[in-house]
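>>> let's see this in three dimensions:
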Amino acid sequence: MKRLLIAAAALALLAGCVSNRNLAGKASGTTFVYKPNAPAGGGQKLPVKVAVLPFKDGTEDFTKRGSVFDAENLKINLAKTGIAGIITALPPELWAKALADDMAASGAFRTVRFIYSPSELADEDFYIEGTLEKAYAAGGWTRPSEYALGLRAVRRSDNNPAWEKKVTRELMSRKSDFDGCGASMQCMADRSHAVLNLTMQGMFTEARTDLMAALGYPSGDSAGRDAVGEGTSTPRDTESTEQTIERILKEK
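Okay, the predicted model is just below:
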């Protein structure tokens, strides 16, 4: 989440130009809805069925540290709370559902579905567990926002782990992300959601392709494997980050 947004939300609050409903983080336009990666063309479909369970909350026990008046030391735990007028909270269950949607949309598996409990398992070959370890939006301009997921796939036949992976991202703010928004909170919310969506897409691509390699898919082939190291993400093919954000906004 971009720190410019936090400052903008704080200024709007002080100016009294955001409704109480917006300040509660519940106004229309602030609810984050994940949009999956596009299916990888020409990739192999693994003949396995996968279920994704709700993730655990492994974030620190706080909602906000610091003050909007000291942006450089401000940190918001998005796993537990939203940003007023910008975005609702992003709890661990939302991340798990988004991962399941992304894996299903990739077309790389026989089936993928989100379930609320192991008791709902049917004929899946694997189930994925996870912990949301970081979902921290940083204030100011000198500290990155941080996201981290710890994931593992368990083989149902023997209940032993078949794969484990930690995926992280650190994001620095860019003023250009909000060019043209002016004082429009909705514009800033839309841009914020698009950047977060792109970040999650990169994290899920890294996790998915690493899982496929662990299950026997050859590394480096054309199933959307993300060869970029942990903590970074690359837009698909020739698309720049700005073009990808613009595409996500047009899909809203």
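
>>> quick one: Leu121 from Phe114, how far?
Leu121 is 12 Å from Phe114, where distance means CB to CB, to the nearest Å. In this view, the C-beta of every residue, glycine as well, is placed from N, C-alpha and C.

>>> on the three-state scheme, Ala96 is what?
helix (DSSP: H, G, I helix; E, B strand; the rest coil).

>>> spatially, what comes nearest to it if we skip its sequence neighbours?
Phe55 (4.4 Å; CB to CB, 6 or more residues apart in numbering).

>>> my guess is that neighbour contacts Ala135, does it?
No - counting by CB atoms under 8 Å, Phe55 stays clear of Ala135, with 10.6 Å between them.

>>> give me the common contacts of the two.
In terms of CB atoms under 8 Å, 6 or more residues apart in numbering, Phe55 and Ala135 are both contacted by the residues Trp95.

>>> which parts of the chain are strands?
With DSSP state E as the criterion, the chain has strands at 46-52, 56-57, 64-65, 75-77, 109-114, 126-138, 145-155, 160-171.

>>> figure out which of those strands is closest to Met212.
With CB to CB as the criterion, Met212 lies closest to strand 46-52 of the strands of the chain, at 6.3 Å.

>>> what is the rounded mean pLDDT of the closest one?
Averaged across strand 46-52, the pLDDT comes to 96.

>>> strand partners (parallel or antiparallel) of that strand?
strand 109-114 (parallel), strand 126-138 (parallel) (DSSP bridges).

>>> let me know which of those strands is tucked in deepest.
strand 126-138 (a mean of 22; mean count of other CB atoms under 10 Å).

>>> centre of the chain to that one, how far?
9 Å (CA atoms, centre = their mean, to the nearest Å).

>>> ok, now stretch 129-140?
That offset, for stretch 129-140, works out to 9 Å (CA atoms, centre = their mean).

>>> do stretch 172-187 as well
With CA atoms, centre = their mean, you get 20 Å for stretch 172-187.

>>> average pLDDT for it, rounded please.
82.

>>> now it: buried residues?
Neighbour-count burial for stretch 172-187 flags 173, 177-178, 181, 185 (criterion: 16 or more other CB atoms under 10 Å).

>>> and the end-to-end length of it?
From its first residue to its last, stretch 172-187 covers 19 Å (CA to CA, to the nearest Å).

>>> check stretch 167-183 too.
End-to-end distance of stretch 167-183 (CA to CA): 34 Å.

>>> and it, how far out from the chain middle?
15 Å.

>>> which stretches of the chain form helices?
Ranges of helices within the chain are 3-15, 20-23, 92-106, 185-214, 241-250, based on DSSP state H.

>>> any idea of the angle the longest one forms with strand 46-52?
Read it as helix 185-214. In terms of direction (axes from the mean of the first three to the mean of the last three CA atoms, to 10 degrees), helix 185-214 departs from strand 46-52 by 130 degrees.

>>> now do the buried residues in helix 185-214.
So, applying 16+ other CB under 10 Å, buried residues of helix 185-214: 185, 188-213.
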